[in-house]
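Asks: sequence plus the predicted model coming up.
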Amino acid sequence: MNNTENLKIKATTVVAIKKDGKVALAGDGQVTFGEVVFKGNAKKIRKIENYNILAGFAGAAADAFALIDKFENKLDEHGGNLKKASVELAKEWRTDRALRILEAMLIVADNNTILIISGNGDVIEPDSNVAAIGSGGNYAYAAGRALLKNTNMTAEKVAIEAMNIASEMCIYTNNNIICEVL
């Protein structure tokens with residue numbers, strides 16, 4: 001048996017923060033392969049300029065890039081409608097035999113809405129103005145909520161600080177953070 005058969009590449013932790021009409025999406029740069037840090041400066045977020053939308057991923061990088069490309073196609077099909085494109089992507093992801101095996105999650109956002117999209121057909125709009133995915137997602141989510149409630153920081157600063165806190169707690173998350181803001 002090959003030792004790499006049970007190892008998975010992990011590319012993790014993205015957080016979205018909405019505050020004062022701004023949305024910030026931040027992601028760390030760490031990619032691990034088993035117990036080894038394989039890359040420290042991966043870019044896990046993308047600004048989709050044509051529609052003023054942000055997209056970020058956690059999970060297998062190649063799978064996530066394929067999904068983001070599909071998401072952009074859905075945006076084109078639905079005139080940039082974030083919710084409609086997200087629902088259509090989730091439906092296709094769940095029902096398409098090839099897509100169904102992809103191991104990733106997406107966060108997508110415009111100035112009004114943050115959504116989490118999964119391969120189970122989920123399209124979730126969080127009750128709070130925070131969403132996070134990946135192995136450090138729960139840490140970033142908790143930190144983001146606390147910072148929104150207890151500070152006057154901007155959406156961008158909350159997102160970056162939430163990621164820094166997650167990087168201190170999650171071994172699959174580093175503090176090489178990239179943040180995009182709408």
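Replies: Structure's in. What do you need? Residues are numbered from 1 along each chain as shown.
Asks: looking at the chain, which helix is longest?
Replies: Criterion DSSP state H: the longest helix present in the chain is helix 61-77.
Asks: how about stretch 36-51: buried residues?
Replies: Across stretch 36-51, burial judged by 16 or more other Cβ atoms under 10 Å covers Ala42, Lys44, Ile45, Arg46, Ile48, Tyr51. The way it works is simple: take the backbone N, C-alpha and C, and place the C-beta from them, glycine included.
Asks: would you list every one of the strands in this protein?
Replies: Here the chain has its strands, by DSSP state E, at 9-11, 14-19, 22-27, 31-33, 36-39, 45-48, 53-59, 104-109, 114-117, 123-124, 130-133, 178-181.
Asks: mind listing what's buried along stretch 153-161?
Replies: The neighbour-count check on stretch 153-161 (16+ other Cβ under 10 Å) flags Met153, Ala155, Glu156, Lys157, Val158, Ala159, Ile160, Glu161 as buried.
Asks: quick one: that stretch to chain centroid distance?
Replies: Offset of stretch 153-161 from its chain centre (Cα atoms, centre = their mean, to the nearest Å): 16 Å.
Asks: average pLDDT for that stretch?
Replies: On average, the pLDDT along stretch 153-161 is 98.
Asks: also stretch 95-107?
Replies: Rounded mean pLDDT across stretch 95-107 is 73.
Asks: likewise stretch 24-31?
Replies: According to the model, stretch 24-31 has a mean pLDDT of 94.
Asks: tell me where the model's unsure across this structure.
Replies: 1-11, 62, 97-102 (pLDDT under 70).
Asks: got the angle for the longest helix of the chain vs strand 14-19?
Replies: 40 degrees (axes from the mean of the first three to the mean of the last three Cα atoms, to 10 degrees).
Asks: any buried residues in helix 61-77, and which?
Replies: By 16+ other Cβ under 10 Å, the buried positions in helix 61-77 come out as Ala61, Asp63, Ala64, Leu67, Ile68, Lys70, Phe71, Glu72, Lys74, Leu75.
Asks: same deal with stretch 21-31?
Replies: Buried residues in stretch 21-31 (16+ other Cβ under 10 Å): Val23, Ala24, Leu25, Ala26, Gly27, Asp28, Gly29, Gln30, Val31.
Asks: end-to-end on it?
Replies: 32 Å (Cα to Cα, to the nearest Å).
Asks: sorry, back to before: elements contacting the longest helix of the chain?
Replies: In this structure, helix 61-77 packs against strand 9-11, strand 45-48, strand 53-59, helix 82-95, strand 104-109, with contacts taken as 3 or more Cβ pairs under 8 Å, 6 or more residues apart in numbering; DSSP states H and E.
Asks: ok so, going back, okay, the strands of the chain, which one's buried deepest?
Replies: By mean neighbour count, with neighbours taken as mean count of other Cβ atoms under 10 Å, strand 14-19 ranks first of these at a mean of 30.
Asks: could you give the angle of it to strand 22-27?
Replies: When the same axes, to 10 degrees is applied, the directions of strand 14-19 and strand 22-27 differ by 170 degrees.
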